[in-house]
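In: From the sequence below, what's the structure:
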Amino acid sequence: MRKTIIATVVATFVLTLGFGVVAFAKDVTAKGTIAVVEDEGKQLTIKPEAGENLVCKFSSKRSKIEGGSKKDVVVGKSVTVLYDDENPAKEIKTLTLNP
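Out: A predicted model of the protein is given here:
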């Protein structure tokens with residue numbers, strides 16, 4: 001009985017800690033213009049409306065494009081990107097092509 005209670009407490013603590021880590025992910029939105037497209041569209045440099053250029057990765061499996069398709073991702077296009085700032089690669093979650 002005591003082992004069951006300890007196991008339950010430990011499992012609850014581990015699950016709570018795991019969900020806490022997920023809650024700390026910091027999603028950031030940046031609006032700007034595509035300045036550079038590299039590596040067949042897998043790496044983009046965004047020149048934001050304010051601040052330093054943002055170099056981010058585009059994943060064909062995990063990143064989504066809204067307002068167009070991959071062929072519309074070209075230098076000079078106005079975009080809004082949503083990415084996880086705590087991910088060192090700054091992988092794009094959503095790339096919105098602005099009109």
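In: Which positions in stretch 35-52 come out as buried?
Out: Neighbour-count burial for stretch 35-52, counted by 16 or more other C-beta atoms under 10 Å, picks out 37, 44-46. From N, CA and C alone the C-beta is placed, and that goes for glycine too.
In: Take the residues you listed and keep only those in strands.
Out: 37, 44-46 (DSSP state E).
In: Reformat the residues you listed as TSV; add pLDDT and distance to residue 95.
Out: What follows is those, written out as TSV (pLDDT from 0 to 100; distance: C-beta to C-beta, whole Å):
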residue	pLDDT	distance to residue 95
37	97	12
44	96	8
45	97	13
46	97	9
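In: Just give me the closest of those residues to residue 70.
Out: residue 37 (10.3 Å; C-beta to C-beta).
In: my guess is that closest one contacts residue 73, does it?
Out: Yes: at 6.4 Å, residue 37 counts as touching residue 73 under the criterion of C-beta atoms under 8 Å.
In: Find residues that contact each of the two.
Out: Both residue 37 and residue 73 are contacted by residue 44, under the criterion C-beta atoms under 8 Å, 6 or more residues apart in numbering.
In: how about the residue most central in space within the chain, what does it touch?
Out: Nearest to the geometric centre of the chain sits residue 83, at 2.5 Å (C-alpha atoms, centre = their mean). Neighbouring residues of residue 83 by C-beta under 8 Å, 6+ apart: 27-28, 30, 56, 90-93.
In: In which helix or strand does it reside?
Out: Element membership of residue 83, judged by DSSP states H and E, is strand 78-84.
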